[in-house]
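Asker: Predicted structure and sequence below. I'll ask about it afterward.
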Amino acid sequence: MNSRFLNALAALLLVSLLGGCAAPKTVDYSAYKQARPRTILVLPPLNESPDIKATYSLLSQVTFPLAEAGYYVMPVALVDETFQQNGLNTPTDIHNTSPAKLKEIFGADAALYITVTQYGTQYRVISSATIVTASARLVDLKTGTALWTGSATASSEEGNNNSGGGLVGALITAAVKQIINSANDVSHPIAGITSQRLLSAGHPAGLLYGPRSPKYGTD
């Protein structure tokens, strides 16, 4: 091996090591701790993926981790009906509504704005993975201040090892998995994992515990 190849290999190894040792994201919680929201209004997620099921798949699963974190979450069905009655029929329209107006309609302390960037099964040359990625922003409805932002992803391929079966076997497996995943919407349970990772409290850069949690104020 020539010196140029060795230098390139060394550089790749260094980048890999630095990536593995990267410091966790730091979050400024000062505004969050000052606001200390008790009730959260979850807005229908914006969907940037090609799958139309993404918005309501994620929306139907975000209440649980928020409730577990100690917050009262405005009932999703009631919120959806109220938006309809106020002429707000799409996630885009709802996200563009001012915090003051949302406060007037619902009386919640904060609103959670979610964007789904990936939802569905992706076919690659020798693999097929179902991936759900989302980001979120918690906004104080009194002031319009962003209290917290975060993102999370989950994949059906986490922990899988496709070393057996050779190239032909891997291609067949990937194709079959894509057909099964597309037919059965395997994305929905993956979206549940993403929701848990995104909105659970008690981990670095995550949400703070809410007032209904016994751990409230410990973070």
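Answerer: That came through fine. Numbering: from 1, shown residues only.
Asker: got any ranges where the protein has weak pLDDT?
Answerer: 1-25, 123-127, 159-185 (pLDDT under 70).
Asker: Now do the contacts for the residue most central in space within the chain.
Answerer: Ranked by distance to the mean C-alpha position of the chain (Cα atoms, centre = their mean), the top residue is residue 134 at 3.2 Å. The contact partners of residue 134, taken as Cβ atoms under 8 Å, 6 or more residues apart in numbering, are 45, 58, 114-117, 151-153, 191, 194-195, 198. Every C-beta, even on glycine, is put in place using the N, C-alpha and C of the backbone.
Asker: ok, it to residue 194 distance?
Answerer: Distance from residue 134 to residue 194, counting by Cβ to Cβ, to the nearest Å: 6 Å.
Asker: what residues are shared contacts of the two?
Answerer: Going by Cβ under 8 Å, 6+ apart, residues that sit against residue 134 and also against residue 194 are 58, 152, 153.
Asker: Now tell me what touches stretch 90-108 from outside.
Answerer: By Cβ under 8 Å, 6+ apart, the list of residues contacting stretch 90-108 from outside reads 37, 39-41, 43-47, 55, 74, 79, 82-83, 86, 88, 111, 113, 139-144.
Asker: rerun that using 7 Å as the cut-off
Answerer: Contacts to stretch 90-108, defined as Cβ atoms under 7 Å, 6 or more residues apart in numbering, come from residues 39-41, 43-47, 55, 74, 82-83, 86, 88, 111, 113, 139, 141-142, 144.
Asker: Please enumerate the strands of this protein.
Answerer: Along the chain, the segments classed as strands by DSSP state E run 39-42, 46-47, 72-73, 110-123, 128-140, 146-155.
Asker: how far is the third one from where the chain is centred?
Answerer: This points to strand 72-73. On the basis of Cα atoms, centre = their mean, to the nearest Å, strand 72-73 is displaced by 18 Å from the centre of the chain it belongs to.
Asker: and what of the fourth one?
Answerer: Here the centre of mass of C-alpha atoms in strand 110-123, compared against the chain's by Cα atoms, centre = their mean, lies 6 Å away.
Asker: what is the orientation angle of that strand with strand 128-140?
Answerer: In this structure, strand 110-123 runs at an angle of 170 degrees to strand 128-140, with axes from the mean of the first three to the mean of the last three Cα atoms, to 10 degrees as the basis.
Asker: Which strands and helices lie in contact with strand 110-123?
Answerer: Identification of packing neighbours for strand 110-123 by 3 or more Cβ pairs under 7 Å, 6 or more residues apart in numbering; DSSP states H and E yields strand 39-42, strand 46-47, helix 54-59, strand 128-140, helix 166-184, helix 187-199.
Asker: can you rerun that using 6 Å?
Answerer: If you count contacts as 3 or more Cβ pairs under 6 Å, 6 or more residues apart in numbering; DSSP states H and E, strand 110-123 packs onto strand 39-42, helix 54-59, strand 128-140, helix 166-184.
Asker: quick one: the residue nearest to the centre of the chain and residue 76, what's the gap?
Answerer: For residue 134, the distance to residue 76 under the criterion Cβ to Cβ works out to 16 Å.
Asker: do residue 212 as well
Answerer: Residue 212 sits 18 Å away from residue 76 when distances are taken as Cβ to Cβ.
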